[in-house]
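Q: coords below, sequence missing:
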C-alpha cells in the first residue's frame, strides 16, 4: 500500500514535527487534518495553509474518516490518547508515530490497540532546537534519516505505507530497525549527544566565555537548548540503553584523558585518526 | 599604531589560517608576501591573487622589509623559526601569531626575541575541519572571535596594531585576555570540545550507524575530523589546564548519569533548563 490522494490523513499533535509533516503533505496535494491542544496552533496552521481542517476537540467524525493517523505527541500522552479514543478510529486505519524511543511504546500500543487497526512505528530523525508549529518546515527532512520500526505484528502492507510516507516527506534515507536496535542506536546517536551537550554547558560558568568561543563549542552545544519536559521523559523511557552508551563514552573519554595525562602522543594521534576516518561516513547528503 | 597601506605584511606559513589572513588583507589593498614550506601553496596563492609575492625560502630582503609578520605555524616550528631567523627581522618590526595555546609560547618567544622587535600574541578563533591554503577563505572570520593576549612586555602601540588587525580581518569581536586566562578558556571552549568529539567517535563502531544519525550527532562530531599532528601538540602544550577542564566535564556528566540512573527527573530537568539558559548567550552574531 502506498500513500494516495484519496486518503484522509490526520495529524494528532501539531508541534514542530506534526506541523512539518502537514506542510510537506499539503504541498503535495494530500488532504490533511489536525487535532491539537491549542487553538492558536490550529489558527496558525490554517493561516499558513498547511492543513485543510483543524480542531482542538477529538471529533468522532474526523477519526471515523481518517485512513492514516500520525501521532506526534509525548509518549505518555500517546498511550493515554489511544486508550481513551481508539474506539473512534476507522476500521482498517493505519496509525504511525514520531516518538524518539520505541521500547517503551511500540509493544504497549500494539497490545492495547483494536485488532482492526494497525500501528506501525516510525522515527523521523529530524528536529530543530525550537518547538511549535510556528517553527515547522519541511526543510528539516532534507538529507535526514527516517527509521521504520516494525514488529512481528506488522503487515507488509503497513510497513510499505510507512516507508512510502518517509519517502514522500523527502527524507534522504528510509531504513528499518527492530525496536531493540532502534533504541540502542538512538541511545548512542541522539540521547548520548544531548547528555554530552547538557553536561558540557553545565560544567563551567565562567563569565564572559561567550566572547572567546569558536564554532566547535557552538556546534557541540547547539542541542544544549533542550525541551526538558520531552527529553527527560525520553531518557527515562530508554534508561538502560542510554546508561550503557554513556558508559561506553566515559570509557573512551577516560582513555583519551590518560593518554594526555601520560603524554602518550602516539596514542592520542591514533584516536584522532580513528575518529577522523570514522566521521567521514557521517557527512550529510543534501 | 594602526595598519596602513604603506606597511609590508609578511605571512609565514600559508595554511588555512595564513591563507585566509592573506586573502582578507589583499582584498583590502594591503601589500602581502608569504613564506611557506611548499611551492604548490605559493603557486596556488599567487594564482588566486591573495599574495603579491611568495617564496619557500627565508629570503633576507623580504624579512628586512617586513613591518608586520604573522606567524601561522605549529608552536614548535614557530620557536625554531625565531631562533634561526630573527637576526634578519627589521628593527622595529611587530610580529604576531595565530597559535591556539599561549602559555607554552608567548613567554618563550618574548624571552628569546631581539629587543628591537616586538611579539604580540593573538588567537583568531576561526577554523575549518579542512586544512591548507586551498581551503582558505576570509568567510571564516565573520561572526568569529579574536583574542589579543598581551603580557607586561607589550607596548600599547603593538597591542593597538594587533587589535586593528583583528578588526580589519572582519572578526565580530576583538578582546584581550591574559596568557593564563586565555589557556583556561581555550582548554574549556576548544580543546575539551575536540576531546569530546574524538572520544564520542571512538566510543562505538556499530556498522551502519550513519544510516540512523540525526543532526545532533553530526554537529557534535564535526570536529572529530581533526588534524592529529597539530591538536596532539596543542593538547600537550596546555595539558594541565585541559585536564582540569576535562575533570569538570566528567563531574557534570557523572551528575547527569546519576540523575538518569536514579530516575531523578526533576534533577535532570533542572540541568537541562540551566544548559538551555546558558546556551542562549553563545549564539553567533552574523
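A: That came through, no problem. Nothing here was measured: the structure is a model prediction, and the numbers come from that model.
Q: residue numbers of the stretch 51-200 of chain A in contact with chain B?
A: For the stretch 51-200 of chain A, the contact set with chain B under Cβ under 8 Å from any Cβ of the partner chain comprises A:125-127, A:144-145, A:147, A:173, A:175, A:177, A:182, A:184-186, A:188-190, A:192-200. Bear in mind the C-beta positions are built from the backbone N, C-alpha and C, glycine included.
Q: so which of the residues you listed belong to strands?
A: Using DSSP state E to define strands, the subset of these located there is A:125, A:145, A:147, A:173, A:175.
Q: out of those, which end up buried?
A: Buried members of those, counted by 16 or more other Cβ atoms under 10 Å in any protein chain shown: A:125, A:145, A:147, A:173.
Q: looking at the residues you listed, which one is closest to chain B?
A: Nearest to chain B, judged by Cβ to the nearest Cβ, of those is residue A:125 at 3.9 Å.
Q: who's in contact with that closest one?
A: Residues in contact with residue A:125 (Cβ atoms under 8 Å, 6 or more residues apart in numbering or on different chains) are A:144-147, A:190, B:212-214.
Q: nearest residue to it other than its sequence neighbours?
A: With Cβ to Cβ, 6 or more residues apart in numbering or on different chains as the criterion, residue A:125 has its nearest non-adjacent residue at 3.9 Å, and that residue is residue B:214.
Q: shouldn't that neighbour be in contact with residue A:147?
A: No - in this structure residue B:214 lies outside contact range of residue A:147 using Cβ atoms under 8 Å: 10.1 Å.
Q: still on that earlier bit, can you select the buried ones from the residues of the stretch 51-200 of chain A next to chain B in ChimeraX?
A: Of these, the buried ones can be selected in ChimeraX as follows, counting by 16+ other Cβ under 10 Å:
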select /A:125,126,127,144,145,147,173,177,182,184,185,186,188,189,190,192,193,194,195,196,197,198,199,200
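Q: so which of the residues of the stretch 51-200 of chain A next to chain B are in helices?
A: Mapping those onto helices (DSSP state H) picks out A:182, A:184-186, A:192-200.
Q: could you dump the ones in strands among the residues of the stretch 51-200 of chain A next to chain B to a markdown table with pLDDT?
A: Formatted as a markdown table, those follow (pLDDT from 0 to 100):
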| residue | pLDDT |
| --- | --- |
| A:125 | 91 |
| A:145 | 92 |
| A:147 | 96 |
| A:173 | 93 |
| A:175 | 95 |
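Q: mind putting those in CSV, distance to residue A:9 included?
A: Shown next, in CSV, are those (distance: Cβ to Cβ, whole Å):
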residue, distance to residue A:9
A:125, 21
A:145, 22
A:147, 20
A:173, 22
A:175, 23
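Q: quick one: the residue nearest to residue A:125 and residue B:274, what's the gap?
A: 23 Å (Cβ to Cβ, to the nearest Å).
Q: neighbour count: the two, which is higher?
A: Applying other Cβ atoms under 10 Å in any protein chain shown to residue B:214 and residue B:274 shows that residue B:214 carries more neighbours, namely 22 against 16.
Q: which elements pack onto the lowest-mean-pLDDT helix or strand in chain A?
A: Within chain A, no helix or strand scores below helix A:215-221, which has a mean of 91 by mean pLDDT, DSSP states H and E. Packed against helix A:215-221 by the contact rule (3 or more Cβ pairs under 8 Å, 6 or more residues apart in numbering or on different chains; DSSP states H and E) you find helix A:192-203, helix B:192-203, helix B:215-221.
Q: closest to residue A:16 out of the ones you listed?
A: helix B:215-221 (13.3 Å; Cβ to Cβ).
Q: does chain A sit close to the next helix or strand after the closest one?
A: Scanning forward in sequence from helix B:215-221 by DSSP states H and E, the next helix or strand is helix B:228-237. Yes - Helix B:228-237 is in contact with chain A by Cβ under 8 Å from any Cβ, via B:228-229, B:231-233, B:235-236.
Q: below-threshold pLDDT in the stretch 151-286 of chain A: ranges please.
A: A:285-286 (pLDDT under 70).
Q: change it to 90
A: Scanning the stretch 151-286 of chain A for pLDDT under 90 picks out A:205-216, A:282-286.
Q: helix, strand or coil for residue A:90?
A: Secondary structure for residue A:90, judged by DSSP: H, G, I helix; E, B strand; the rest coil, is coil.
Q: contacting residues around it?
A: Contacts of residue A:90 (Cβ under 8 Å, 6+ apart): A:63-67, A:117.
Q: select from those residues the one having the most neighbours.
A: residue A:66 (24 neighbours).
Q: which one is it nearest to, not counting chain neighbours?
A: Excluding the flanking residues, the one nearest residue A:66 by Cβ to Cβ, 6+ apart is residue A:10, at 3.8 Å.
Q: wait, that neighbour touches residue A:34, no?
A: Yes - at 7.0 Å, residue A:10 counts as touching residue A:34 under the criterion of Cβ under 8 Å.
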